[in-house]
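1. Starting from these lines, generate the structure:
(4 chains)
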Number of protein chains: 4
Amino acid sequence: MMPDIPELKAGAGQIVDKVHYLPLRVYYEDTDVGGIVYYANYLKFMERGRSDMLRLAGVDQTAMMQDQDNGMVFAVRHCTVDYLKPARFEDEIMVRTRLAGVTAATLTMGQEIWRGDECLTVASVKAAVVGRNGRPCRLPPQISHILKALIF
Amino acid sequence: MMPDIPELKAGAGQIVDKVHYLPLRVYYEDTDVGGIVYYANYLKFMERGRSDMLRLAGVDQTAMMQDQDNGMVFAVRHCTVDYLKPARFEDEIMVRTRLAGVTAATLTMGQEIWRGDECLTVASVKAAVVGRNGRPCRLPPQISHILKALIF
Amino acid sequence: MMPDIPELKAGAGQIVDKVHYLPLRVYYEDTDVGGIVYYANYLKFMERGRSDMLRLAGVDQTAMMQDQDNGMVFAVRHCTVDYLKPARFEDEIMVRTRLAGVTAATLTMGQEIWRGDECLTVASVKAAVVGRNGRPCRLPPQISHILKALIF
Amino acid sequence: MMPDIPELKAGAGQIVDKVHYLPLRVYYEDTDVGGIVYYANYLKFMERGRSDMLRLAGVDQTAMMQDQDNGMVFAVRHCTVDYLKPARFEDEIMVRTRLAGVTAATLTMGQEIWRGDECLTVASVKAAVVGRNGRPCRLPPQISHILKALIF
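-> Numbering: from 1, shown residues only, chains lettered A, B, ... in the order given. This is a model prediction of the structure:
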């Protein structure tokens, strides 16, 4: 039986002035033989930021996915990433996410990864809502409403 | 338009005397800051070996998964891994897989990873067939038949 | 320039009565087409638990690695994993780590992953200290001292 | 002792008219709960294509890395990815890589992922050569020579 550790919750970061901040630690799994974080793994950090921002804002991706009639997921359509400086093993980094735009079926986010006051990575990510068949669909009105209030 | 490169097919290895052999290359993505393959990534190599062996033997995991009434997947229940020597960036390695046993709802595989004539990793993996609800189910008879013929 | 968000730190969990607890969230990156966490990714969760426990206890893996004369890393030699129930997208899980034993050159940890009061995964992981050349070496005395005080 | 399976070699694809083609299979590890390949994992496929193209062309990344005086690695500085259609579990895909440009310290590659005659992903990746200290350095002349002959 696991003892109660009530104060221990998985971190989800925080939204301050429409910007989401997620602090993360770099672990072995994130690094490669070059001694730095592997370039694809920054995209994992950024997805954690987007998912936590959406959850904190009230968008329930699990419910969206499991909707019997109309299951849908966010699928990334485009991303651009500039790698300015590398993150390293055991670094504490901060993922910054802001919503740059929302259309009927897409959202575009600006994301950065910082270590202290150094900006390591800058990215722009556009995601579309797609149904189980892979076809694009419109954002449900209540989600569109939440997202529009978050536009930076 | 992509030109025809007819002879280029994704490698799936080969079954020789009931043993499946899958040659693989170690890429950046597989390594970590310690300069060797990250311990969880050997499990990815081994899963590629199991999936390719099943496909070559005639087990269609995609069809199993998409069956309308009775979708099912293999889920790993247990694994034991001994890491004898590390694999490194750009190594050519060989995943060896043999089926050690089959029951009504599980299969157990013995797997090894070699580099030339050095054995790097030895594993035993037990997988069960589970339905969409996560509950164990029986192997379909035609799959059970295929698997029993492969037991080493 | 990034605003100060002083209270936001990457979670490292907590050691209570010699047991380390690390709460984690399951993200897209962790799941697979079967709808559950991919079997190798539980090993990533467990490595995060071990690294955070060591750091909290005062073992500086980065310093160990960068020691000019005597750089060393922990390398996993053996692991056994029982997968009892699957974790799913967006689950909050807890990684529990305890040190089961320490020798001159190895440490053995017992680890579990829980979701609420359900135990999902039970593992035993043995790691050895190895030098840059890959050869086993002895634990530095001050690290050995720290670890022995943590034995459960 | 492993039997000789001399014809089994890890696939490295092929360079035809300065374009490198690498066929790959999609495995469980590559997919996510949405049923498609996770967006960061396409970058792993593309890195395999770049590494295999370089190796086939005669660029030895391991030797570059291990050079005693002057160890260096390729580090990605920028990437742009358009995700047109998703790849799915067990798909056979083809990574197409061509070298678009070379400067004294960088190379830029155009990459695409195809499934049959459908183009799934289009990317542009710029990498720089960096030394152990993380500072940019010039491409060694013999590598620069090889790369210039590959420019599309």
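
2. can you map out the helices along chain A?
-> In chain A, the segments counted as helices under DSSP state H are A:41-57, A:61-66, A:141-148.

3. Dump those into a markdown table; add distance to C:Arg50 and mean pLDDT as well.
-> In short, each C-beta sits where N, CA and C put it, glycine included. Output for the helices of chain A, formatted as a markdown table (distance: least, CB to CB, whole Å; pLDDT from 0 to 100):
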| stretch | distance to C:Arg50 | mean pLDDT |
| --- | --- | --- |
| helix A:41-57 | 19 | 98 |
| helix A:61-66 | 29 | 92 |
| helix A:141-148 | 38 | 94 |
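
4. now for the ones you listed, which one comes closest to chain B?
-> helix A:41-57 (8.7 Å; CB to the nearest CB).

5. Is the closest one in proximity to chain B?
-> No. Applying CB under 8 Å from any CB of the partner chain, one finds helix A:41-57 separated from chain B by no less than 8.7 Å.

6. With mean neighbour count and distance to D:Leu8 added, can I get the helices of chain A in TSV?
-> Output for the helices of chain A, formatted as TSV (neighbours: other CB atoms under 10 Å in any protein chain shown; distance: least, CB to CB, whole Å):
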stretch	mean neighbour count	distance to D:Leu8
helix A:41-57	23	31
helix A:61-66	15	40
helix A:141-148	14	50
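
7. Turn those into CSV, including distance to B:Glu112.
-> Shown next, in CSV, are these (distance: least, CB to CB, whole Å):
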stretch, distance to B:Glu112
helix A:41-57, 28
helix A:61-66, 38
helix A:141-148, 49
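
8. and of those helices, who's closest to B:Lys18?
-> Among these, the nearest to B:Lys18 by CB to CB is helix A:41-57 (38.1 Å).

9. Can you spell out which helices and strands pack onto that closest one?
-> strand A:14-16, strand A:19-25, helix A:61-66, strand A:72-83, strand A:92-102, strand A:106-115, strand A:118-131 (3 or more CB pairs under 8 Å, 6 or more residues apart in numbering or on different chains; DSSP states H and E).

10. Run through the residues that contact A:Arg50.
-> A:Thr97, A:Met109, A:Gln111, A:Val125, A:Ala127 (CB atoms under 8 Å, 6 or more residues apart in numbering or on different chains).

11. got a winner among those residues for most neighbours?
-> Neighbour counts for the contacts of A:Arg50 (other CB atoms under 10 Å in any protein chain shown) peak at A:Thr97, which has 28 neighbours.

12. Just grab the bridge partners of it for me.
-> Taking DSSP bridges as the rule, A:Thr97 bridges to A:His20, A:Gln111.

13. how about the residues of chain A near chain B?
-> A:Tyr28, A:Glu29, A:Thr31, A:Asp32, A:Val33, A:Gly34, A:Gly35, A:Ile36, A:Tyr38, A:Ala40, A:Arg88, A:Phe89.

14. For the second one, which non-adjacent residue is closest in space?
-> For A:Glu29, the nearest residue in space outside its immediate sequence neighbours is C:Lys44; the separation is 4.6 Å by CB to CB, 6 or more residues apart in numbering or on different chains.

15. circling back: now for the helices and strands packed on helix A:41-57, which one comes closest to D:Gln68?
-> strand A:72-83 (27.0 Å).

16. one step back: turn the contacts of A:Arg50 into TSV, columns for pLDDT.
-> Formatted as TSV, these follow (pLDDT from 0 to 100):
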residue	pLDDT
A:Thr97	98
A:Met109	98
A:Gln111	98
A:Val125	98
A:Ala127	97
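
17. Make TSV out of those and add distance to C:Ser51.
-> Formatted as TSV, the contacts of A:Arg50 follow (distance: CB to CB, whole Å):
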residue	distance to C:Ser51
A:Thr97	25
A:Met109	29
A:Gln111	25
A:Val125	28
A:Ala127	31
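
18. Nearest to chain C among the residues you listed?
-> For the contacts of A:Arg50, the closest approach to chain C (CB to the nearest CB) belongs to A:Ala127, at 11.2 Å.

19. Next up, the contacts around the closest one.
-> A:Ala127 touches A:Arg50, A:Phe74, A:Ala75, A:Val76, A:Arg77, A:Thr106, A:Leu107, A:Thr108, A:Met109, counting by CB under 8 Å, 6+ apart.

20. And it, how close does it get to D:Leu120?
-> Computed as CB to CB, to the nearest Å, the A:Ala127 to D:Leu120 distance reads 17 Å.

21. And stretch A:107-122, what's buried?
-> A:107-115, A:119-122 (16 or more other CB atoms under 10 Å in any protein chain shown).

22. Residues in contact with it: which ones?
-> By CB under 8 Å, 6+ apart, stretch A:107-122 touches A:42, A:45-46, A:49-50, A:74, A:81-87, A:91-102, A:123-127, A:139, A:147, A:152, C:1-2.

23. now A:Gln111: how far from B:Pro136?
-> Taking CB to CB as the measure, A:Gln111 falls 41 Å from B:Pro136.

24. likewise A:Gln61?
-> From A:Gln61 across to B:Pro136, the span is 28 Å (CB to CB).

25. Please apply the same query to A:Tyr28.
-> From A:Tyr28 across to B:Pro136, the span is 33 Å (CB to CB).

26. neighbour-wise, which of those two wins?
-> Shown here are A:Tyr28 and B:Pro136; by other CB under 10 Å, A:Tyr28 has more neighbours (22 against 14).

27. which residues does that one contact?
-> Counted by CB under 8 Å, 6+ apart, A:Tyr28 has contacts A:Phe89, B:Asp32, B:Val33, B:Gly34, B:Tyr38, C:Glu47, C:Ser51.

28. Scan the residues you listed and report the most crowded one.
-> Of all these, the most densely surrounded is B:Tyr38 (28 neighbours; neighbours counted as other CB under 10 Å).

29. Which elements pack onto the lowest-mean-pLDDT helix or strand in chain A?
-> In chain A, the helix or strand scored least confidently by mean pLDDT, DSSP states H and E is helix A:61-66, which has a mean of 92. Other elements packing on helix A:61-66 under the criterion 3+ CB pairs under 8 Å, 6+ apart are helix A:41-57, strand A:72-83.

30. Understood, closing this out.
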